[in-house]
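1. Fold the following.
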Amino acid sequence: MPFVELDTNLPSDRVPAGLEKRLCAATAAILGKPEDRVNVTVRPGLSMALSGSTEPCAQLFVSSIGVVGTAEDNRGHSARLFEFLTKELSLGQDRIIIRFFPLEPWQIGKKGTVMTFL
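-> Sure, this is the predicted structure:
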């Protein structure tokens, strides 16, 4: 179950309508996960600085079990996510940062699965 969080200092009126749905679909395709298992949060209008500059920027956090974690996997994921975000947000790649967090399943009795950061 991937969790995707997009933080940006772009005001909400500069974030395209329906971005969360398109980001959900893109993430599912990129990570090879079912779309109905992907969780997306988009937070516009934040106070942010990237590389010492407050020019428009975005930070994407991607957490998942089994598909993020290796440098090789994440290079491929990053390229496709950068392509998506630069088009959707009209930002250059130097104004976007992507952070991957591998998750590990942790079974609790028979009630379900809780995921924890490695």
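2. buried stuff in stretch 18-38?
-> Under the neighbour-count criterion of 16 or more other Cβ atoms under 10 Å, stretch 18-38 has Leu19, Glu20, Leu23, Cys24, Ala26, Thr27, Ala28, Ile30, Leu31, Lys33, Val38 buried. Any C-beta I mention is one placed from the backbone N, CA and C, and that applies to glycine too.
3. phi, psi of the last one?
-> In other words, Val38. Note on Val38: its backbone torsions stand at phi -90, psi 130 [degrees, to the nearest 10].
4. Correct me if wrong: it contacts Cys24.
-> Yes - applying Cβ atoms under 8 Å, one finds Val38 in contact with Cys24, separated by 4.9 Å.
5. residues shared between the contacts of these two?
-> Shared contacts of Val38 and Cys24, defined by Cβ atoms under 8 Å, 6 or more residues apart in numbering, are found at Val4.
6. quick revisit: farthest pair within the buried residues of stretch 18-38?
-> Checked with Cβ to Cβ, the buried residues of stretch 18-38 reach their widest spread between Leu19 and Lys33, with 18.7 Å between them.
7. For this protein, which segments count as helices?
-> Per DSSP state H, the chain carries helices over the ranges 19-31, 71-89.
8. Redo these as JSON lines? Include distance to Ser47.
-> Below are these laid out as JSON lines (distance: least, Cβ to Cβ, whole Å):
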{"stretch": "helix 19-31", "distance to Ser47": "20"}
{"stretch": "helix 71-89", "distance to Ser47": "17"}
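9. Show me the one of those that comes nearest Ile98.
-> The closest of the helices of the chain to Ile98 is helix 71-89. By Cβ to Cβ, the value is 5.3 Å.
10. ok and that closest one relative to helix 19-31, angle-wise?
-> 150 degrees (axes from the mean of the first three to the mean of the last three Cα atoms, to 10 degrees).
11. as a whole number, average confidence for helix 71-89?
-> Here helix 71-89 scores 91 as its mean pLDDT.
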